[in-house]
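>>> build me a model from this:
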Amino acid sequence: MQSPEVQDAFFDETGGGGDIRPPYRELLAWIGDQGAETLSLRHREAETLFRKIGITFAVYGEGGSPERLIPFDIVPRIFTASEWRLLSQGVKQRARALNMFLNDVYQRGDIVRAGIVPADLVYLNESYEPAMVGITPPRNVYSHIVGTDIVRVGANEFYVLEDNCRTPSGVSYMLENREIMMRMFPDLFSGRRIMPVDDYPDLLHRTLASVAPKKCQDDPVVVVLSPGSFNSAYYEHSFLADQMGVEIVEGKDLYVDGEFVFMRTTRGPRRVDVIYRRLDDDFLDPLCFRPDSLLGVPGLMNVYRSGGVAICSAPGAGIADDKAIYIYVPDMIRFYLGEEPILKNVPTWKCGDADECAYVMEHLHELVVKEVHGSGGYGMLIGPKASSAEIEAYRARIRAKPDNFIAQPTLALSTCPTFVDEGIAPRHVDFRPFCLVGNAIHLPAGGLTRVALREGSLVVNSSQGGGVKDTWVLAD
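Here you go, the predicted model:
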């Protein structure tokens, strides 16, 4: 299995040393002109803005208040127009193939019958929803917002770490990062042709409206369905609802009457056509999924099945972002689109395969091992950074349930200049663009760059101490 570069020499996106890459020359010159004291002051001002606006996320199980202020880095990351064209084409290609895969496995199952994806990996997967079999969502779209996690390891080398097809989070940070940068550093934007991201809420609303159900006869009524204010991503739920100009609702605000879903309002019932749900499958409808759910809407799936409402993303879409299914995405692209993948997968070993598991067990000290259903950086082993005791404990977990794990090489994630206590220093980053799929596919020119603020750390998740920074895409 051929691996990307895993040596200690990381690709510095500025070029490093005295040979600065063109997109970063003006930025680094500006940083040099500001001086350490001014940058430190601006950094504190940015944190104050984040706190006033209330840009937070929640971390549970650590004691005290779960609310955290996400660290914001004032140094932007930059992609050239040609780099963005490559990323954009690759992300859109992947989103198309993943939606075709979802439509296939809930209908004919051609890719399984062709022997390309193992049947048990699909039909015995805990994210596979039998209730979706035979249901065709509007425009055959199952995953309407696809968040693709991408890392860079060289000048023209990008790898996809994973796909997020259910309810990828982080887009509010993408928008707020840009807003704060433009408010605090207008001189940085002067004279630079930086592609905007502020059209995302409009594109999201248009995408959701474009998949209105067949029984919708007027302008579609869209709502954002949230578990409520105690959810870790509630800030984003309310932010997006506000930006789109639609209502944010909880399950108790909706009810089913006949063939439709209605929203309770101070002016009486209002019919709902499209539900952008930020609620896990299990809690959507207690009559179909978990009977003890108090967060969902009883009877919702019956209305969905009859074409009375659209649910975005569709129940069962999570099977497409399972880390074991991820291995087969390049094959999906070839099978459904007849194309070669534009973006590469990271080489991945399946611990459910005896031979591959043996290799993983022998090389735990140099691999990254993940739970196939894990997220947020939790439940992960980074072999080169782990102690002998941690490796042995993880080895026991794999031995107990090998199907639950995959392993990948420890990638040499690229670094970007980042403001830290010592001043400007390189820190590792990844990237999540947000692809919108409806009657057309839209990819705003930007995304969420996450940065590992601790020196040497490769874990960029905010729940694990990472921060965020603005992402610039330069126009031609």
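
>>> C-alpha from now on. contacts and neighbour counts both.
OK.

>>> quick check, Ile78 in contact with Pro22.
No: if you go by C-alpha atoms under 8 Å, Ile78 and Pro22 don't touch, sitting 10.3 Å apart.

>>> of the two, who's got more company?
More crowded of Ile78 and Pro22, by other C-alpha atoms under 10 Å: Ile78, with 21 against 11.

>>> distance check, that one against Glu179.
Distance, Ile78 to Glu179, by C-alpha to C-alpha, to the nearest Å: 16 Å.

>>> wait, Tyr304 sits on Cys312?
No: here Tyr304 does not reach Cys312: they are 10.9 Å apart, not a contact under C-alpha under 8 Å.

>>> quick check: beta-bridge partners of Val473?
Using DSSP bridges, the bridge partners assigned to Val473 are Phe79.

>>> excluding chain neighbours, what is closest to Ile116?
Closest residue to Ile116 apart from its sequence neighbours, by C-alpha to C-alpha, 6 or more residues apart in numbering: Asp331 at 7.3 Å.

>>> you'd agree the one you found is in a helix?
Yes: if the criterion is DSSP: H, G, I helix; E, B strand; the rest coil, then Asp331 is within a helix.

>>> separation between it and Lys344?
Separation of Asp331 from Lys344 (C-alpha to C-alpha) stands at 11 Å.

>>> so what sits against both of those two?
Residues touching both Asp331 and Lys344 (C-alpha atoms under 8 Å, 6 or more residues apart in numbering): none.

>>> show me the strands in the stretch 51-200 of the chain, by range?
In the stretch 51-200 of the chain, the strands defined using DSSP state E, counting those that start in this stretch lie at 56-58, 67-69, 72-79, 145-154, 157-164.

>>> give me the contacts around the longest one.
The reference is to strand 145-154. 4-5, 10-11, 91, 95, 158-169, 313, 411-414, 429-437.

>>> quick one: that strand to chain centroid distance?
When distances are taken as C-alpha atoms, centre = their mean, to the nearest Å, strand 145-154 is centred 9 Å away from the chain's centroid.

>>> distance from stretch 168-181 to the middle of the chain?
13 Å.

>>> hang on, I meant stretch 103-120
The gap between where stretch 103-120 is centred and where its chain is centred comes out at 25 Å by C-alpha atoms, centre = their mean.

>>> show residues contacting that stretch.
For stretch 103-120, contacts defined as C-alpha under 8 Å, 6+ apart pick out 101, 122, 132-136, 140-142, 325, 328, 331-332, 335.

>>> can we see that at 7 Å?
132-134, 140, 328 (C-alpha atoms under 7 Å, 6 or more residues apart in numbering).

>>> one more: stretch 301-317?
Residues from elsewhere that reach stretch 301-317, judged by C-alpha under 7 Å, 6+ apart: 102, 127-129, 132, 135, 142-144, 165-166, 211-215, 259-261, 273-277, 281, 285, 288.

>>> how about the nearest residue to Val222, chain neighbours excluded?
Nearest to Val222 is Val274, by C-alpha to C-alpha, 6+ apart, at 4.7 Å.

>>> low-confidence bits of the chain, can you list those?
Scanning the chain for pLDDT under 70 picks out 1-8, 17, 54-68, 374-378, 463.

>>> so Val261 versus Ile333, what's the distance?
Between Val261 and Ile333 the computed distance is 36 Å (C-alpha to C-alpha).

>>> check Gly383 too.
Note on Gly383: its distance to Ile333, by C-alpha to C-alpha, is 31 Å.

>>> next: Met361.
Taking C-alpha to C-alpha as the measure, Met361 falls 31 Å from Ile333.

>>> more neighbours: which of the two?
Taking neighbours as other C-alpha under 10 Å, Met361 and Ile333 compare with Ile333 leading, 22 against 19.

>>> neighbours of the residue nearest to the more buried one when sequence neighbours are not counted, how many?
Counting by C-alpha to C-alpha, 6+ apart, the nearest residue to Ile333 once its immediate chain neighbours are dropped is Ala97, at 5.4 Å. A total of 21 residues lie near Ala97 under the criterion other C-alpha under 10 Å.

>>> contacts only, for Leu413.
Taking C-alpha under 7 Å, 6+ apart as the test, what Leu413 contacts is 10, 151-153, 428-429.

>>> the same query, at a cut-off of 8 Å, please.
10-11, 151-153, 428-430, 458 are the contacts of Leu413 under C-alpha under 8 Å, 6+ apart.

>>> now do it against Val459, distance only.
For Leu413 relative to Val459 (C-alpha to C-alpha), the value is 10 Å.

>>> again, but for Leu225
According to C-alpha to C-alpha, Leu225 and Val459 sit 30 Å apart.

>>> who has more neighbours, those two?
The neighbour count for Leu225 versus Val459, taken as other C-alpha under 10 Å, is higher for Leu225 (27 against 22).

>>> my guess is the more buried one meets Val274, correct?
No: proximity of Leu225 to Val274 does not meet the contact threshold set by C-alpha under 8 Å, at 10.0 Å.

>>> burial count for the closest residue to Asp403 other than its chain neighbours?
With C-alpha to C-alpha, 6+ apart as the criterion, Asp403 has its nearest non-adjacent residue at 4.1 Å, and that residue is Gly352. As a burial measure, Gly352 scores 17 neighbours (other C-alpha under 10 Å).

>>> what does Ala36 give?
15.

>>> and the contacts of stretch 301-317, which are buried?
102, 127-129, 132, 135, 142-144, 165-166, 211-213, 259-261, 273-277, 281, 285, 288 (16 or more other C-alpha atoms under 10 Å).
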